[in-house]
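Asks: kindly generate the corresponding structure for this input.
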Amino acid sequence: MSIKVGVLSLQGAFKEHISRLKECGISAAEVKFPEQLKDIDGLIIPGGESTTINKLLEKYKFKESLDKFYRDKNPIFGTCAGLILLAKNIEGEGRGLGYIDIDVQRNAYGRQIESFEELLDIHLDNNKNGSKFKSIFIRAPKILNVGKKVRILGKFKEDIVLVRDNNVMACNFHPELTRDLRIHRYFINMIKNIKGDN
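Replies: A predicted model of the protein is given here:
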């Protein structure tokens, strides 16, 4: 079974995600209109300006189609701004899309000038002995709380930075800006497993 991964391409780092997916040998497509969700097996919501992306989602009437995509258990992966959009609660603002049971705080690690790189402990597929994941934090949101069913897949010091709840995964950094493909490959395997291609 071949799969196609869509990357929401309204604003932000969508081209970088598409490049990483192609490096994994996967068919990738830009998603600019809600009807395109019918043609993909999984969706990445990239980093960028979450307020701008949200306004464009409203402008192009994505909400109903996105809700159906989520309810049908299609895998979704949000990075940075994507994490904010997927969250159940955004501090001081109320509810996000609510696809993953986390509370987040916007820009918690500071302004763009305070961006930084870190080596992260990631625990994909229960492998706790893999090499650390070098990643980039740019105006990153912080995960304040996670629900009981949310699996913690990665940490930066004591902060939770990579999570999964059933068919939804989210992180507050930018794996698409590194050449380490482990997180993208994990998402691809999520899609294959959920779609029944074991």
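Asks: distance of Lys149 relative to Pro34?
Replies: Per CB to CB, to the nearest Å, Lys149 is found 28 Å from Pro34. All C-beta spots, glycine's among them, are computed from the backbone N, C-alpha and C.
Asks: quick check: mean pLDDT of the lengthiest helix in the chain?
Replies: Ranked by residue count and defined by DSSP state H, the top helix of the chain is helix 182-194. Helix 182-194 shows a mean pLDDT of 96.
Asks: over to stretch 75-86?
Replies: Averaged across stretch 75-86, the pLDDT comes to 97.
Asks: quick check: buried residues in it?
Replies: Pro75, Ile76, Phe77, Gly78, Thr79, Cys80, Ala81, Gly82, Leu83, Ile84, Leu85, Leu86 (16 or more other CB atoms under 10 Å).
Asks: run through the strands of this structure in chain order.
Replies: For the chain, strands defined by DSSP state E occupy the ranges 4-8, 27-31, 42-45, 76-79, 87-90, 94-95, 100-105, 116-122, 133-137, 142-146, 151-156, 159-165, 168-171.
Asks: need the ones you listed in CSV with distance to Lys15, can you?
Replies: Formatted as CSV, the strands of the chain follow (distance: least, CB to CB, whole Å):
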stretch, distance to Lys15
strand 4-8, 8
strand 27-31, 8
strand 42-45, 12
strand 76-79, 13
strand 87-90, 24
strand 94-95, 30
strand 100-105, 25
strand 116-122, 21
strand 133-137, 16
strand 142-146, 26
strand 151-156, 24
strand 159-165, 22
strand 168-171, 18
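Asks: wait, which of those is closest to Lys59?
Replies: Closest to Lys59 of the strands of the chain, according to CB to CB: strand 4-8, at 13.2 Å.
Asks: average pLDDT across that closest one?
Replies: 98.
Asks: who touches it?
Replies: Residues outside strand 4-8 that contact it (CB atoms under 8 Å, 6 or more residues apart in numbering) are 14, 17-18, 21, 26-31, 36-37, 39-46, 53, 82, 187-188, 191.
Asks: quick one on the thing from earlier: with neighbour numbers in mind, choose between Lys149 and Pro34.
Replies: Pro34 (17 against 10; other CB atoms under 10 Å).
Asks: what is the nearest of the buried residues of stretch 75-86 to Pro175?
Replies: Nearest to Pro175 among these: Thr79, at 6.6 Å, using CB to CB.
Asks: OK, contacts around the closest one?
Replies: Counted by CB under 8 Å, 6+ apart, Thr79 has contacts 13, 17, 44-47, 170-176.
Asks: re the thing from before, by mean pLDDT, show me the worst of the strands of the chain.
Replies: For the strands of the chain, where the average pLDDT is lowest is strand 94-95, sitting at a mean of 84.
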